[in-house]
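Colleague: Okay, predicted coordinates and the sequence, questions at the end:
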Amino acid sequence: MRRHYRLMIPGPVEVDPEVLSHMSDPLMAHYGDEWVEIWNGVIANLKQVIGTTGDVLVVVGSGNTANDIVVNSLFNPGDRALALNNGLFGQRLVELCQAHGVETVEIEKPWGVPFTAEDIHRAVRENTGLKAALIVHGETSTGIANPIQELAQAARSHGLVVMADTIASLGGEPYRMDEWGIDMTVCASQKALEAPPGLGIVAVGERAWTLMGARRKPRGWMTDLQLLRKYAQEQANFHPHPGTMPVNAFVALRKSTQFILEEGLEYRWVRHNRIARVMRNGVRGMGLRVLAQEDAACVNLTVIMADGKFDPGDLQAYLKAQYGMHIARGIGPYFDKAVRVGHMGPNASMEAIVPFLVGMEQYLRKQGHDIPRGACLAGVE
Ligand SMILES: Cc1ncc(COP(=O)(O)O)c(C=O)c1O
């Protein structure tokens, strides 16, 4: 029986063997000189990838944990926040705010359609007292990337603190936090940052710290960014995070972010974009439909609609058995209606997506669809 499948779900992703090998390094202390050097290395790398000179904190947990910590740290119960929902992860931000007693103004768009600056202007005109805007950049449920730069600019023009969930986008989609006026960035280790899961990442700029300064108690302990910053500053030379860190995951993240910087961010963004186009054009070449509006398609993943032409579960099983790759089914209302294919990090390569496209074409022909041989490679130059 096969024990390894090329992981082409939209995260976690295939991880470079050198990165992965750190998961079996001997354990080390999560404090002291050696650890401080590793911590500082990870933080310095992340600052470059995120494009910020602000604070970067790493927390133990997944992307949701990091989002939770951000909402807990930013708002007093009863504060008003704007949350943009055009997919499952936007909806999560709404739920998260509500769970913290934040009065949440939700604006909705159909899945696959991006928000525009005007959506934000209208929401602010119609709702007073908003303190922040929470925006998903890469929406993993639909395969779009909201135009975060434009949205951040709009929200900022009304004085809102801007928080971007870049969990599915950072490392593949272009992103510059400070330059684009974004106050908080949330990410996680396991997607286009190409490391194993387990670490959440939060970058914080001055305007966000100021808003947090008005946060009253109780506000938790390990879930309070102000407390985490205090440790990072006061214990910088010994124990910069108050808890025990999964040290191996941290060392792996240092290696993966080092590789990302060595490759070069601009080069990476172009590579992801090029592969995503081959993917989407190949999908259309087979007569299938991509969920995302084309001008907003995220370069890290593609959501392919079944439209009655294939069964997502059956296709997933076929590709696993015949091509040794694991893709994801649709999410939420699209579980039986679509598949989601991650092409980020090492999977943003011809070596990963060509076998996927060929496998899909073969599967469709087996289902009786009349597809010219090679139609799946319509996007290959
Ligand atoms: C955009 C986005 N936000 C949040 C999450 C939640 O992250 P995690 O599964 O690491 O908790 C995900 C996970 O896929 C995501 O893609």
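Modeller: Nice, I can see it.
Colleague: Which single residue of the stretch 51-200 of the chain approaches the ligand most closely?
Modeller: When distances are taken as Cβ to the nearest ligand atom, the stretch 51-200 of the chain reaches nearest to the ligand at residue 63, 2.7 Å away. To be clear about C-beta, it is placed using only N, CA and C from the backbone, and glycine gets the same treatment.
Colleague: For that residue, the count of nearby residues, please.
Modeller: The number of residues packed near residue 63 is 25, by other Cβ atoms under 10 Å.
Colleague: Tell me the pLDDT of it.
Modeller: Note on residue 63: pLDDT of 98.
Colleague: Can you give the distance from stretch 338-345 to the centre of its chain?
Modeller: Using Cα atoms, centre = their mean, to the nearest Å, the distance from the centre of stretch 338-345 to the centre of the chain it belongs to is 12 Å.
Colleague: let me fix that: stretch 362-381
Modeller: The chain centre lies 30 Å from the centre of stretch 362-381; the measure is Cα atoms, centre = their mean.
Colleague: And it, what's buried?
Modeller: Residues of stretch 362-381 classed as buried by neighbour count (16 or more other Cβ atoms under 10 Å): 362-364, 371, 375-379.
Colleague: Check the contact between the residue of the stretch 51-200 of the chain closest to the ligand and residue 202; I expect there is one.
Modeller: No: here residue 63 does not reach residue 202: they are 10.3 Å apart, not a contact under Cβ atoms under 8 Å.
Colleague: joint contacts of those two?
Modeller: Both residue 63 and residue 202 are in contact with residue 186, where contact means Cβ atoms under 8 Å, 6 or more residues apart in numbering.
Colleague: burial count for residue 233?
Modeller: Counted with other Cβ under 10 Å, the burial measure for residue 233 works out to 10 neighbours.
Colleague: Pull the residues that contact the helix or strand harbouring it.
Modeller: Assigned by DSSP states H and E, residue 233 falls within helix 225-234. Helix 225-234 is contacted from outside by 55, 57, 59, 69-70, 73, 202, 204, 209, 212-213, 215, 219, 221-222, 239-242, using Cβ under 8 Å, 6+ apart.
Colleague: out of the residues you listed, which are buried?
Modeller: Among the contacts of helix 225-234, the ones that count as buried by 16+ other Cβ under 10 Å are 55, 57, 59, 69-70, 73, 202, 204, 209, 212, 215, 219, 239-241.
Colleague: Show me those residues that map onto helices.
Modeller: With helices defined by DSSP state H, the entries of those inside them are 69-70, 73, 209, 212.
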